[in-house]
Structures are given as structure tokens and as C-alpha cells.
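In: heads up, no residue letters with this:
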């Protein structure tokens, strides 16, 4: 643990103050006095300002819980800080249609102290993010996001808090993967630098100029157990290990959407269930926490600070009205895991008009389907699915293309059997990407497929296809057929592709400068909505994969 001021130094510092040489970096806490500090946190909110149909989570209940904790801690003489690990945007149509206005204003009313900028804060034009900054009465932090043109940081790198005389610096950091998974149309002028290097530089600056007692980081980088981050950019464990031991006292994270609760070995996740005990990760003297997603939990870390040292007393992930299924008289029933948390009436009243406005537009029926259209993350990122293929076909037909390519990361949900509403469509495609297409020779198509069709599974880059078949092996793609005919290297073909990927998103080749490239301007969700309307009722078996992509 970093010791900023040892008690033996206090007398010297106090003497200096008496002779009129008070330093701005003197400790304001008293030696041998214990100070209680509670850190609350959420992450990956993704538009969930309203409770779900089972009454789970929602910002109004979250406020009640946080207000109760504040009253408890402050009533006992302690201090509370509330942080977010980012990704407020994208995920729920009611929020998406309103640029997350209810979410940022709701966070302001709850009393967040700071947040890390997440990659999904860049899903929209920067003008939307600028508007969101005005809605937020708390700082959005990121030390590693720079303007390419000026070389200057675009956001505040850190914030200083003083609680009971304890000086706390909070650094913001954003995943480097934003450059890959953010929308290239909106981030082409932004440089997402190595957060490890930026953290080291900011910590050195803080210790030189501010001399804080504690240094925390709010990050949107992901927690990957034992630093096994795979194809992702390095996350919080790598960050903690890259710095001197204890350089960061705590990392409040997001992005990987995990409840970071560890086994005693500290190397593997525990089999955490809502209401269970939770042991945060600790790497190189740094506590690392993350509260899953959507405001399902409020993370609570209770610390004691004494003589420059921070001790974790307890940690919990508190479920916000989460339920579980039990059997009662042979029937399944949902029951609360812990006591009911009432919704704060004032915040509920504030949020209600936003929910009603969104619901009015989203409840319109657009189609009916005779079975599930599969878009679950743990399926669509591993295999061709009927929904992935349907979307690729919808875009292919709108673009009058020969085949369609759709990244699985752009398929965000499934569509259940029965009536399909506009809300269902927007849950599947919330990013407002535009439909583009490109005309390429067969030889160019082969080169393109050798990059795109070989993207690894379990990533958003894994591609869904329609209108094309191929075999893949260690040498790449072969036996490519379009509309059932062998690909002709000299012939020109057209394929559709979301604007995100056309501009280089997910590591796809950037084809926006190709002579045959066209951005149609059609928004993907609207293309999907109109296809469903025109082809309703949907027979899901028409879109089932039949071995077109084989290994």
C-alpha cells in the first residue's frame, strides 16, 4: 500500500505551516485518526434507465438504494463517492431514440461524482456526446483520448476529491479497442492511446503537483482474469501489473460486463450468483472491481483510511430488485433475491415522460414470426444464425447486391416468436449504422474474404453471410460460390456491408476509398424494419443456415 505521508513527518510539516510556509500538498487528515470512506459504483448502464418487465434494476430504485447508503455512511461520520465505469449509451430503444437524455440527467439526479468514458459513448456523432456532457453535472474522464489534429486531450484526465481531509485523485481511462469497435465515421479524428502509458504519466504528474493520499482509476477497459485478454485490448489486470506496486489504490472498471468476484486463488472468477459474497480482485496492490451491467448491482466498497494507508473492510455487489425462479406447487415463480427496494418517487416522476415518449413509438407492430430469430451473443458470435442471415439478406436486397456481410457484433439481441415491434428491431440493431455497398472484382472479393471470413469466433468481428458459400481452412477461403455459381475472378460483384465495418470497424478492411464504394444513407434498423414488414409473416426456417460456411 502506498504511504503518502508517514506520521513521523507530520510534526515537520506542522512546524512549516506555523512559520507561514503552508504547502498546498500538506495532508489535511490527522495522524492516528481513522476515516471511513465508501466507494459505490456501477458500469455498462446501456440505456437501462427504466426497470425491466420483472421490476428489476432501473434508476429510480438505484437512487433509493444509494440514498440509503449515503445516509447510513454519512450519519456515522464517513464519506461516500459514486462512480461509473462508462458505457451509458446504446442498448435500449427508449434511451437510444432520445440520445440517452434520461440516463445522463438521471445520473445527475442520483449524484454521480465521475464516470469513465466508454467505447459506446462514441456510437453517435460527437455533437451528441457534447450534448450529453452538458446534461451531466459530473465529469466524464479519460486521460488517453486525444485529438489527432492538435495532439491535445479531448477530456479531463482526472478529478480531485477531498473527503474529510483525505485527498483522492480519480483518473479516467478508456479501452484502446474503441478505435476498432467504435464507429469510424465518428472517431476518425480521435487518437485512443495506450492507457497504461497515460496512467503512468498522469500518476507521475499527480504525485508531483497534487500529492494525493489516494489514487483511483475509473476505467472502461475490461477485467480479464489473470490478464488473459485474448483478442481484446489489455484490461484492468494488465494495467495494475504495468505500474509500480500500489500505484493505484483501486480500479473501478467496466466494459467486460462481469461481476468481478474472485476465488481465493485470485486468478479465477467465482461462481457468483446475486446475493452471494463477493471478493474483488487484487493485483499488484490494487483492488479491482466491476458491477456486471445495466445497474443490476450497486458495488459497495467500505474502506478505512489511517495514517496514509487504505484498508478494505468489506465489499458487496448489492442486487437492485433482482429476481430468481423457484418452483411453487410445481409451477415456476419469480421471487426477489433480497428485500424490495422502492423506486424514488421524484426520480420516477422525472423519468416517466421519457419512458412514455419512447414507448409510444416503439410499441407499433411491424411483423410476426413463427419462431425465434437467433441473436443471442453466445450463439451469433460463434455460428451462422437465422437472424444474422436475415439481416444480411435485408441489406443485400436493399443494396441490390449479390451477397451480404453482417458483423455479429452488430446483432445485439434475439427476436422472439410472435409479434415483432419496432422496439424489438431497435434492440437488435441499436447503433444506427448506415447501409453501404461496394462493387469489387472477384479477385478483390477473395482478398476481402480472406480477412473478414477468417475473423475469430467469440468476437463481434465474426461475420454472418447471405447469398454466398465458401469453405475455410488454414490457407483461407476457397470454393467460393455466389448465387450457387463459382466465383469468377474477373467478374464484378456487389456486396452490402454496415458502414461501421466498411470504414474499418472490427478490423475489417477500410473500403470507403474504393472506387466502387457507396454509402446509401439508409439506417440499418430501418432497413431491417422495412424488410420484416414487407416479408411478414416471417418463416424462420427460410433463413436457417445450411452449411454455406463450412470449415
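Out: The structure has been received and is ready for your questions. Everything numeric here is computed off the predicted structure, so don't read it as measured data.
In: residue ranges for the helices of the stretch 1-150 of the chain, please.
Out: 10-18, 59-75, 93-96, 101-110, 126-135 (DSSP state H, counting those that start in this stretch).
In: Pick the most buried one from those helices.
Out: helix 93-96 (a mean of 24; mean count of other CB atoms under 10 Å). Just so you know, the C-beta spots here come from the backbone N, C-alpha and C atoms, and that holds for glycine as well.
In: show me what contacts residue 468?
Out: Taking CB atoms under 8 Å, 6 or more residues apart in numbering, we find residue 468 in contact with 402-403, 480-482, 495, 548.
In: Narrow the residues you listed to those that are buried.
Out: 402-403, 480, 482, 495 (16 or more other CB atoms under 10 Å).
In: what are the bridge partners for residue 550, then?
Out: residue 471 (DSSP bridges).
In: Distance of it relative to residue 381?
Out: Distance of residue 550 to residue 381, given as CB to CB, to the nearest Å: 18 Å.
In: so what's residue 537 closest to, chain neighbours aside?
Out: Leaving aside its chain neighbours, residue 537 sits nearest to residue 368 (4.8 Å; criterion: CB to CB, 6 or more residues apart in numbering).
In: Need the contact partners of the helix or strand that that neighbour is a member of.
Out: Using DSSP states H and E, residue 368 sits in strand 365-369. Contacts to strand 365-369, defined as CB under 8 Å, 6+ apart, come from residues 415, 417-422, 425, 529, 532-533, 535-538, 540.
In: Need the max-distance pair from the residues you listed.
Out: Across those, the longest distance by CB to CB is 19.5 Å; it joins 422 and 540.
In: And these two? Which one has more around it.
Out: Between residue 422 and residue 540, residue 422 has the larger neighbour count (other CB atoms under 10 Å), namely 21 against 17.
In: OK, contacts around the more buried one?
Out: 93, 361-364, 366, 529.
In: switch to 7 Å and redo it
Out: Contacts for residue 422 (CB atoms under 7 Å, 6 or more residues apart in numbering) come out as 361-362, 364, 366, 529.
In: just the buried members of those?
Out: 362, 366, 529.
In: Any idea how far apart the tips of stretch 246-256 sit?
Out: 23 Å (CA to CA, to the nearest Å).
In: roughly how far is it from the heart of the chain?
Out: Computed by CA atoms, centre = their mean, to the nearest Å, the separation of stretch 246-256 from the middle of its chain amounts to 15 Å.
In: contacts for that stretch?
Out: 1-2, 39, 41, 43-44, 83, 85-87, 116, 118, 175, 203, 214-224, 235-236, 239-240, 285-290, 310.
In: from the residues you listed, which ones fall inside strands?
Out: Per DSSP state E, strands hold the following members of the contacts of stretch 246-256: 39, 41, 83, 116, 214-220, 286-289, 310.
In: Identify the farthest-apart pair in those.
Out: Largest pairwise distance in the ones in strands among the contacts of stretch 246-256, by CB to CB, is 23.2 Å, between 220 and 310.
In: Do you have the strands of the stretch 251-400 of the chain handy? List them.
Out: 281-283, 286-289, 297-306, 309-319, 323-328, 331-336, 365-369 (DSSP state E, counting those that start in this stretch).
In: looking at those, which is buried most?
Out: strand 286-289 (a mean of 24).
In: re the thing from before, of the buried ones among the contacts of residue 422, which one scores lowest on pLDDT?
Out: The lowest pLDDT within these belongs to residue 362, with 85.
In: returning to that earlier point: a markdown table please, covering the helices of the stretch 1-150 of the chain and showing distance to residue 244 and mean pLDDT.
Out: Listed next are the helices of the stretch 1-150 of the chain as a markdown table, based on distance: least, CB to CB, whole Å; pLDDT from 0 to 100:
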| stretch | distance to residue 244 | mean pLDDT |
| --- | --- | --- |
| helix 10-18 | 24 | 34 |
| helix 59-75 | 31 | 98 |
| helix 93-96 | 40 | 88 |
| helix 101-110 | 33 | 98 |
| helix 126-135 | 33 | 97 |
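In: Would you convert those helices into JSON lines that also reports distance to residue 258?
Out: Converted to JSON lines, these look like this (distance: least, CB to CB, whole Å):
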{"stretch": "helix 10-18", "distance to residue 258": "41"}
{"stretch": "helix 59-75", "distance to residue 258": "19"}
{"stretch": "helix 93-96", "distance to residue 258": "22"}
{"stretch": "helix 101-110", "distance to residue 258": "21"}
{"stretch": "helix 126-135", "distance to residue 258": "25"}
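In: Of all these, which one is nearest residue 296?
Out: Nearest to residue 296, of the helices of the stretch 1-150 of the chain and by CB to CB, is helix 59-75 at 9.8 Å.
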